[in-house]
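Student: Build the 3D model from these lines:
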Amino acid sequence: MAGLAFNHVTFDYIIVGAGSAGSVLANKLSASGRDSVLLLEAGPNDNRFFVRMPLGYGKVYYDEKVNWKYQTEPVDALSNRPSYWPRGKVLGGSSSINAMVYVRGHPNDYQEWSNVASGWAWSNVEPVFKAMEDWSGGSNRYRGTGGPLSVHDISADAHPLCQSYLKAAQECQIPFNPDYNAESMEGAALYQINTRNGLRASSSVCYLHPAMHRPNLSVKTEAQVTGIGFKDKVASGVSYQIGGTHNVVKARREIILCAGAINTPQLLQLSGIGPAPLLRNLGIDVVHDSPLVGRNLQDHLGADLVCRTNVDSLNQQLRPWSGRLKAGLQFLLRRSGPLTLSLNQAGGFVSLGKSSTTPDLQLYFSPVSYTRAPVGTRPLIKPDPFPGFLIGFNPCKPSSKGHLEIQSADPLVAPRLVPNYLDTQADQDLMLKGMRLMRQLTAAPALKAVIEEELLPGDQYSSDEQLMRAVRDNAWTVFHQCGTCKMGDDDSTSVVDAKLNVHGVKGLRVADASVFPTIPTGNTNAPAIMVGERAASFILEDNQE
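Tutor: From the prediction side, this is the model:
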C-alpha cells in the first residue's frame, strides 16, 4: 500500500476517514503531486472477497472487522426497539458495504440546501454529478460517461419477478421510468448500482486505488483517530492509535473530517467542538461552543411486506447449496449472475397526492424473501427455503429529527444515538399511506397472479391501527443517517459554512453526509461522493499559491 513508510510527521492535508467522500478527497488533493496527503482509516483495506463481491454485503452486514455495528437507544415509536446501524469501517467506508443503489436526489433537495447554504442549488451540483459518473446507459444531456464512478444499468440482468412488479406499478397508475436520475425522478424503475465488470465499484475502488501509487499520498489503515489538536483555534494536527501505539501528525494546510454522520460529530465533540455543557460535564476542554454538533440527525425509516410466491424467486438461487454453487461459479468464472447485483433490484419514487411537487415515497422491490429471523437481524445470504419477494418503502423527506452525543471522553466508547423515528404526526401518516400503497401494489393483477400468500405482516393486519402496529413492530432503518454537522451560512444555525469550514475555528473542514442540511430524496451515497468532489474543489481553490 502506497505511502505506508512515513518520512515525516507533517503533511499538507490530513483526511480522516476513507469513505465515500474521503476517498474522493485523497485522490483530488494528491493529484498535482505538489502537496503531501495523509489518509487515516479506522478499518482495514477493502481487498476482501465479500467486500468486492456485490452481493457480499449480506455477509459484511454483521462483520465487525469492516463494520462499526452501531446500536441506537430504544425508540418509543418503534415498540421500544433499538435500531441496528451498520456503518462501513474499511477503505471505501459505507460504499464498501452498502446495497450500491445510485440515486442523485431530487433537484428540490438541493434547493433546500441552497436556501441555508449558498451555492448548493441543483445548478451547482448537477454538473458535478455528470462529471463524476461513468453511466453504462450512455451519455446524454442528463447523464455523464467517462467519470471515475461506475454506474451500472441492470436492465438486462434483473430477476423476472421485477417485471411483475413494474407491470403492477403501471396498473396502479405509477408509470415506468427508464432513468430516475435523468429528466424526472418519479415512477417505477430498475435501480442503477455502483458496479464495474461484475464487482463492487465503491468510492475506494473508483477514486482511492487509482491514486495509491502516488508518492505524496500516504494511507494508514486500522488507524483510529482519537482527537484533533488546536493551537489558538487553528486545527494543527491529529492524534491516532494503531493497536496500543499512539501517534500525532501535524497538518500544514488543513484537516478534513470525512468520518461519516456518526463518527465525524463524535470526533468533533471529543476534540472540544460541540455543546459546551455536554463537553464540560465529561471533562473536555471547550475549543468552540457549537450546540448543533450531533443535532439535526435524519434518516430514512422503511417498512416491508413479505410475500410467498407461486413462481421461483432469488430464494431458489441463493438458498440451496446447488443454487449457491451455480451462482458462485457464474461469479468466479464470468463475473455474472445474481452475486453481481444488489438485492434491491427495483423500486422507484412516487408522489401521493396532486399537491405533491416532489416524491413522497421511495419504493423497493427485492425478488427474495426473509421470514425466519427478526427484521434487522436476518442473514441476508440465507433467504427463505420457499419462493418469495419483499416489497417496501420509506418516506423520502421525514420531518422527525434525532441527535447523537458522546457518552465518555474515551474515543473508543460509541456515542449515544437517539433517532426519534416517527416523532411527528406527518411521518406517521406517511408510513400508513405507504403501507396502504404496498397493499395496492400486491393486489394489482400482475403481482396478485404470482402471490400465494402475504406472510408479513399478514392479512390479519387490515385496519389503520393494525397496520401502524405492524410498522412500529417491524420498521427499520434504510441506513441513510445524515445531517449531524449541518452546513449553512448562519453560524448560529449550522456547524460548517457553505464551503464546509467548521465555524469558530480555522484549518478544519467536514466533507461527508453529516453536512447535509436536509436528507436527500433517495440513497445518500451519491450525494456524499458529490460533497467530496465539491470539497476538493473548495480546498484547492482556497489554498492556491
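Student: Give me the neighbour count for residue 100.
Tutor: 25 (other Cβ atoms under 10 Å). All C-beta atoms are positioned from the backbone trio N, CA, C, and that covers glycine.
Student: Residue 217 versus that one, what's the distance?
Tutor: Residue 100 sits 26 Å away from residue 217, going by Cβ to Cβ, to the nearest Å.
Student: Look up which helix or strand residue 225 falls in, please.
Tutor: Assigned by DSSP states H and E, residue 225 belongs to strand 224-231.
Student: How about the backbone phi and psi for the nearest residue in space to residue 268 that is not next to it in sequence?
Tutor: Once flanking residues are discounted, residue 268 sits nearest to residue 293: 5.0 Å by Cβ to Cβ, 6 or more residues apart in numbering. Note on residue 293: backbone dihedrals following degrees, to the nearest 10 are phi -60, psi 120.
Student: ok, now which ones touch the residue lying closest to residue 505 once chain neighbours are set aside?
Tutor: In this structure, residue 505 finds its nearest non-sequential neighbour in residue 233, 4.9 Å apart by Cβ to Cβ, 6+ apart. Taking Cβ atoms under 8 Å, 6 or more residues apart in numbering, we find residue 233 in contact with 287-288, 504-506.
Student: hmm, which of those residues are the buried ones?
Tutor: 287-288, 505 (16 or more other Cβ atoms under 10 Å).
Student: Is it possible to get TSV of the residues you listed that adds distance to residue 243 and secondary structure?
Tutor: Formatted as TSV, the buried ones among the contacts of residue 233 follow (distance: Cβ to Cβ, whole Å; DSSP: H, G, I helix; E, B strand; the rest coil):
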residue	distance to residue 243	secondary structure
287	28	coil
288	31	strand
505	30	coil
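Student: Closest to residue 24 out of these?
Tutor: residue 505 (23.1 Å; Cβ to Cβ).
Student: Show the contacting residues for the closest one.
Tutor: 230, 233-235, 273, 287-288.
Student: which pair in those spans the largest distance?
Tutor: 234 and 273 (12.8 Å).
Student: Which one of these two is surrounded by more residues?
Tutor: residue 273 (29 against 12).
Student: okay, the contacts of residue 505 in CSV with pLDDT and distance to residue 118 next?
Tutor: Shown next, in CSV, are the contacts of residue 505 (pLDDT from 0 to 100; distance: Cβ to Cβ, whole Å):
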residue, pLDDT, distance to residue 118
230, 97, 27
233, 96, 24
234, 97, 25
235, 98, 24
273, 98, 23
287, 98, 26
288, 98, 22
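Student: Closest one of the residues you listed to residue 345?
Tutor: The nearest one, if we look at the contacts of residue 505 relative to residue 345 and count by Cβ to Cβ, is residue 273, at 42.0 Å.
Student: Who does that closest one form a beta bridge with?
Tutor: Beta bridges link residue 273 to residue 288, judged by DSSP bridges.
Student: how near is it to residue 39?
Tutor: 22 Å.
Student: Count the residues that sit near the residue nearest to residue 268.
Tutor: With neighbours defined by other Cβ under 10 Å, the count for residue 293 comes to 32.
Student: From residue 409, how far off is it?
Tutor: 15 Å.
Student: what helix or strand is the residue nearest to residue 337 when sequence neighbours are not counted on?
Tutor: If the residues on either side of it in the chain are set aside, residue 337 comes closest to residue 330, at 3.1 Å by Cβ to Cβ, 6+ apart. Using DSSP H and E, residue 330 falls within helix 321-334.
Student: Wait, a strand at residue 305?
Tutor: Yes - assessed with DSSP: H, G, I helix; E, B strand; the rest coil, residue 305 lies in a strand.
Student: Got phi/psi on residue 470?
Tutor: Residue torsions, per degrees, to the nearest 10, at residue 470 are phi -60, psi -40.
Student: burial of it, as a residue count?
Tutor: Neighbours around residue 470, by other Cβ under 10 Å: 19.
Student: Just to check, residue 174 is in contact with residue 346?
Tutor: No - with contact defined as Cβ atoms under 8 Å, residue 174 does not count as touching residue 346 (11.6 Å).
Student: Check which helices and strands the strand ranked longest in the chain sits against.
Tutor: Looking across the chain with DSSP state E, the single longest strand is strand 245-257. For strand 245-257, the packing partners by 3 or more Cβ pairs under 8 Å, 6 or more residues apart in numbering; DSSP states H and E come out as strand 10-16, strand 224-231, strand 234-242, helix 260-270, strand 508-510, helix 525-542.
Student: and residue 437, which of the ones you listed is closest to it?
Tutor: helix 525-542 (24.9 Å).
Student: any idea of the mean pLDDT for the closest one?
Tutor: Mean pLDDT, helix 525-542: 98.
Student: which secondary structure elements does the helix-or-strand element of the chain with minimal mean pLDDT contact?
Tutor: Using mean pLDDT, DSSP states H and E, the weakest-scoring helix or strand in the chain turns out to be helix 57-60, at a mean of 90. Contacts defined by 3+ Cβ pairs under 8 Å, 6+ apart place helix 57-60 against helix 49-52.
Student: Throw the buried ones among the contacts of residue 233 into CSV and include distance to residue 465, thanks.
Tutor: Below are those laid out as CSV (distance: Cβ to Cβ, whole Å):
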residue, distance to residue 465
287, 50
288, 48
505, 50
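Student: Nearest to residue 10 among those residues?
Tutor: residue 505 (19.1 Å).
Student: Next one: that closest one from residue 433, what distance?
Tutor: Counting by Cβ to Cβ, the gap from residue 505 to residue 433 is 44 Å.
Student: Tell me where the model's unsure across the stretch 1-150 of the chain.
Tutor: Scanning the stretch 1-150 of the chain for pLDDT under 70 picks out 1-8.
Student: any chance you could map the helices in it?
Tutor: 20-30, 49-52, 57-60, 107-116, 122-132 (DSSP state H, counting those that start in this stretch).
Student: Identify whichever of those helices lies nearest to residue 265.
Tutor: It's helix 20-30; of these, that one is closest to residue 265 (Cβ to Cβ) at 14.8 Å.
Student: just the angle between the closest one and helix 260-270, please?
Tutor: 70 degrees (axes from the mean of the first three to the mean of the last three Cα atoms, to 10 degrees).
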